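Engineer: What follows is a predicted protein model with its sequence.
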Amino acid sequence: KCPDVWGAVSRHCSGRHQSPVNIVTRKVLPDGQLTPFHFIGYQEAFHGRLINNGHTVHLDLPSRIKIKGGNLAVPYKALQVHLHWGNDGGPGSEHTIDGEQFSMEMHIVHIKEEYSSVSQALRDPTGVAVLGFFFQISYCLVNIFLKPGNSTTLGGVSLDMFIHPQIDMTKYYRYYGSLTTPNCAEAVIWSLFENPIPLSRKQLAAFSKLQFSNGRQMVKTFRPVQPLNGRQVYYSGGHVAVVSTVLLIMSVMMSTTLSG
């Protein structure tokens, strides 16, 4: 069964290709086909709804934003970005590297361009592509307060603002797995970027002031790691990086008043 905050159960959650996983770096295989991604529309400004949906915080994304490359067979269009965190600034990432759990993990969720809905994409074993980013304690960036069901509109943001300018976007891990929330469908191509994004403990702790839909403190919003069950994790090995100079999305949040 899925250890999740909604109490939902799905037969998919007991599958053999579940996520997240612990990545053992000495066991990964370099893969020269894992070329750099092409980020289409990541630089374009848009207005997006930042929502506390009762179990996490997510931001809706326009479908004109897409990714190509990275050994993906077809383009994938963006759906949303969401976060996973721990308790009061403690460990909270879903995936771990050599057993290390990072402070927070951000997922940018995409589906194949040909599909019109997530439900369609989840019927395809490679229908969903998620870019995962780790956050590591460093410096002050965020202040966020949203009650369950509340949302706010962020104006003039771009998806590039989610990514720290110093992150090498060419070094990432690749494996095939599942959604980390019910229905845990095994339809996800995971790309987890090796270098973490800096974030302060004080500001990370602000996420613990959010509430689940049942009114309880929104903490430990991550699923524990699942067995690999023979799956291989691959590594891009890195190439020459070309990354725009941008702000973290957390900086955008800090300058935005979030209210119900």
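Structural biologist: Nice, I can see it.
Engineer: so what's Ala205 closest to, chain neighbours aside?
Structural biologist: Of all residues not flanking Ala205 in the chain, Gly89 sits nearest, at 4.0 Å (Cβ to Cβ, 6 or more residues apart in numbering). All C-beta atoms are positioned from the backbone trio N, CA, C, and that covers glycine.
Engineer: and what of Ile97?
Structural biologist: Once flanking residues are discounted, Ile97 sits nearest to Ile23: 5.2 Å by Cβ to Cβ, 6+ apart.
Engineer: What pLDDT is listed against the one you found?
Structural biologist: The model reports Ile23 with a pLDDT of 98.
Engineer: now swap in Gln80 and tell me
Structural biologist: So Gln80 comes in at 95 (pLDDT).
Engineer: ok, the helix or strand containing it: who's next to it in the sheet?
Structural biologist: In this structure, Gln80 sits in strand 76-85 according to DSSP states H and E. Note on strand 76-85: by DSSP bridges, its sheet partners are strand 57-60 (antiparallel), strand 66-69 (antiparallel), strand 104-112 (antiparallel).
Engineer: helix or strand right after it?
Structural biologist: With DSSP H and E, the next secondary element past strand 76-85 is strand 96-97.
Engineer: would you turn the strands paired with strand 76-85 into a markdown table with distance to Gly48?
Structural biologist: A markdown table is the format used below for the strands paired with strand 76-85 (distance: least, Cβ to Cβ, whole Å):
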| stretch | distance to Gly48 |
| --- | --- |
| strand 57-60 | 5 |
| strand 66-69 | 16 |
| strand 104-112 | 12 |
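Engineer: isn't Thr180 right next to Glu105, touching?
Structural biologist: No. Counting by Cβ atoms under 8 Å, Thr180 does not reach Glu105; the two are 9.3 Å apart.
Engineer: what touches both of those two?
Structural biologist: 84, 94, 222 (Cβ atoms under 8 Å, 6 or more residues apart in numbering).
Engineer: I'd like to know which of those residues is nearest to Phe37.
Structural biologist: Proximity of these to Phe37, judged by Cβ to Cβ, is greatest for Glu94, which lies at 20.5 Å.
Engineer: Please report how far that closest one lies from Glu113.
Structural biologist: 26 Å (Cβ to Cβ, to the nearest Å).
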